[in-house]
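K.L.:
Next come a sequence and a model predicted from it.
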Amino acid sequence: MTPSMTPRRWAQALRPQELPFRRHLTRASVALIYRRAASGGTELLFIQRARREGDPWSGDMAFPGGRMQPEDASPRATAERETLEETGVDLTQHGRFRARLSDLLTRHHSRWRPMVVTPYLYEWRGPRSVTLNHEVQRVVWVPLDYLAAEENQGSLPWRTPLGTLNMPCCRYQGYCIWGLSYSMLQEFLASRAKRP
């Protein structure tokens, strides 16, 4: 690890683009969607999950997406289908695919079985209206400059059977971005920082 690299950036650099065993596990996909803001900057779309009893991620901030279904032609098609179902945002019509980010290993919401999540990056060039389904409470567009600023990074205490962990997070207007979404966000921000 070079002196200028933080442990978080070092860990991201080691994370493989594709997990070699992903085809043998349940798959899920999400869409990271950015657009040009009215102010001239760039902003990223987040959803706030609907609050549901028994859901450990109820009310959390996330990217639209979900589990791959047999009818999905690919994990990327899953991200596009789920985004349309959850938000009404049609990536096949108004989204420009930009990149595939690294696979992440997580677990099913209600079970301890592993699941691979693949993020896909899109530029949005369509209407600003959304149509939310029952899984989503609201859509929030967050400026990328805010998400990247060091002073907006913090930690979230997360209780586990082994004790409390302080998870890295970013707070925005009462919302808290953490966990897998925070990890995906950091990879996206790091990739933008590398551009000439």
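P.N.:
Ah, there it is. Numbering: from 1, shown residues only.

K.L.:
show me where pLDDT drops low in this protein?
P.N.:
Across the chain, the ranges flagged by pLDDT under 70 are 1-25, 54-57, 107-112, 194-196.

K.L.:
Tell me which stretches of it form helices.
P.N.:
Secondary structure of the chain by DSSP state H: the helices cover 7-14, 75-87, 91-94, 144-148, 179-193.

K.L.:
do you know which of the ones you listed lies nearest Leu165?
P.N.:
Leu165 lies closest to helix 179-193 among the helices of the chain, at 10.9 Å (C-beta to C-beta). In short, each C-beta sits where N, CA and C put it, glycine included.

K.L.:
What are the buried residues along that closest one?
P.N.:
179-188 (16 or more other C-beta atoms under 10 Å).

K.L.:
Output those residues in a markdown table; the columns should cover distance to Met61.
P.N.:
Listed next are the buried residues of helix 179-193 as a markdown table, based on distance: C-beta to C-beta, whole Å:
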| residue | distance to Met61 |
| --- | --- |
| Gly179 | 9 |
| Leu180 | 11 |
| Ser181 | 6 |
| Tyr182 | 9 |
| Ser183 | 13 |
| Met184 | 12 |
| Leu185 | 10 |
| Gln186 | 14 |
| Glu187 | 16 |
| Phe188 | 15 |
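
K.L.:
Ala31: which of the helices of the chain is closest?
P.N.:
Nearest of the helices of the chain (C-beta to C-beta): helix 75-87, 4.4 Å.

K.L.:
now that closest one: how far from the chain's centre is it?
P.N.:
How far helix 75-87 lies from its chain's middle: 13 Å, per C-alpha atoms, centre = their mean, to the nearest Å.

K.L.:
Right, I'll call it a day here.
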